[in-house]
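Chemist: Predicted model and sequence below, questions to follow.
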Amino acid sequence: MLRQRIITAVLLVAGLLVLMFLLPPAALQVAIAVVLAAAAWEWTHLCGLGRSAVAFWYPVAITVMGSLLTAQRLEDWHALVFVLALLWWLLAAGELLRYPRCADWLRRPAAGLVAGSFVLLPAWLAFHDITGLPDARFYLLWFIALVAAADIGAYFAGKAFGRRKLAPQVSPNKTIEGFFGGVLATVAVAAAGTVWLAPASLDTGKMPLILLAAAVLAPLSVVGDLFESLLKRQQGLKDSSHLLPGHGGVMDRLDSLTAALPFYALLLAVVVRHG
């Protein structure tokens, strides 16, 4: 299992680097559309609909809606979509804090599919906007580093200091101490990127805003992870699918990213110079 997991991880990283550095932006857009269509297919499993016609039509609907949202004429609406996504993730955080008392509505397939649109479509739109920025490759890699820092920092802080459970009913291994370790690690990566690696397009004079945003981005990534765990727990699933040998499904790799991407896109809209 470990060997399989390592091989899959190496192939995923290699594929991402090829898409980001060797292929044109249009190819990257197509690739992300395919990945999110696969995530939408997995989402039907998380809603208990994996063996119905919905498993085919839901990814089609998500792909069509995502294509419409990324259309040029709708660009003025992007910030509103990201704000709505942020509000959705705050609602999701509230449901996680109250689980299992108040999550019955999520067991309804229709409600789960609507929730999936709030998860997948803003993330797709955010990715689209980021790839259109100057120095887009830096901002994409920086985002991945920030989310990875939240995960790695939480793991090591939890191992070293973890005593109190963060969400024992959803993910028994996560601790409050690990959560704060992840936040600190994310802020550190944000500071390093701003001070030492920032391209000319990044307004480094807005360092306090960037660090504050990093302190918000880390909890959002945790909420994304826990929310998918909640859905899997309700359906009795270990993984969202078996598309990625040793790693589960696409959503198992994207859960943290989908929650943090819209907020990250809002941040970049403020701190990136276009001229």
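Modeler: Nice, I can see it.

Chemist: Going by C-alpha atoms from here, please, whenever you check contacts or count neighbours.
Modeler: OK.

Chemist: isn't there a strand covering Ser241?
Modeler: No: read with DSSP: H, G, I helix; E, B strand; the rest coil, Ser241 is coil and lies in no strand.

Chemist: Show me what the lengthiest helix in the chain packs onto, helices and strands only.
Modeler: Ranked by residue count under DSSP state H, the longest helix found in the chain is helix 207-235. Contacts defined by 3 or more C-alpha pairs under 8 Å, 6 or more residues apart in numbering; DSSP states H and E place helix 207-235 against helix 25-46, helix 78-98, helix 136-161, helix 176-192, helix 250-271.

Chemist: Please enumerate residues in contact with the helix or strand just after the first one?
Modeler: In this case it means helix 25-46. Next in sequence after helix 25-46, counting helices and strands by DSSP states H and E, comes helix 54-69. With C-alpha atoms under 8 Å, 6 or more residues apart in numbering as the test, helix 54-69 has contacts from 33, 36-42, 44-45, 49, 74-75, 78, 117, 120-121, 124-125.

Chemist: Only the buried residues of helix 54-69, if you could.
Modeler: Using 16 or more other C-alpha atoms under 10 Å as the burial criterion, the residues of helix 54-69 that qualify are Val54, Ala55, Tyr58, Pro59, Ile62, Thr63, Gly66, Leu69.

Chemist: so how far is Ala145 from the third one?
Modeler: Looking back up the chat, that one is Tyr58. Tyr58 sits 31 Å away from Ala145, going by C-alpha to C-alpha, to the nearest Å.

Chemist: got it, and the last one?
Modeler: Distance of Leu69 to Ala145, computed by C-alpha to C-alpha: 27 Å.

Chemist: Equivalent analysis for the first one, please.
Modeler: Distance from Val54 to Ala145, counting by C-alpha to C-alpha: 35 Å.

Chemist: so Pro172 is in which element?
Modeler: Assigned by DSSP H and E, Pro172 belongs to strand 171-175.

Chemist: in that strand, what counts as buried?
Modeler: Ser171, Lys174, Thr175.

Chemist: now do stretch 233-248
Modeler: Arg233, Gln234, Asp239, Ser240, Ser241, Leu244, Gly246, His247, Gly248.

Chemist: Return the member of these nearest to Ala85.
Modeler: Ser240 (21.6 Å; C-alpha to C-alpha).

Chemist: so how many other residues sit close to the nearest residue to that closest one once chain neighbours are set aside?
Modeler: Computed as C-alpha to C-alpha, 6 or more residues apart in numbering, the closest residue to Ser240 that is not its neighbour in sequence is Gly249, at 5.0 Å. Neighbour count of Gly249, defined by other C-alpha atoms under 10 Å: 19.

Chemist: Show me how far stretch 34-41 is from its chain's centre.
Modeler: Relative to the centre of its chain, stretch 34-41 is centred 13 Å away, using C-alpha atoms, centre = their mean, to the nearest Å.

Chemist: what do you get for stretch 165-173?
Modeler: For stretch 165-173 - counting by C-alpha atoms, centre = their mean - the centre lies 20 Å from the chain centre.

Chemist: which residues sit against it?
Modeler: Applying C-alpha under 8 Å, 6+ apart, the contact partners of stretch 165-173 are Leu96, Leu97, Tyr99, Pro100, Lys174, Thr175, Ile176, Phe179, Leu226, Ser229, Leu230, Arg233.
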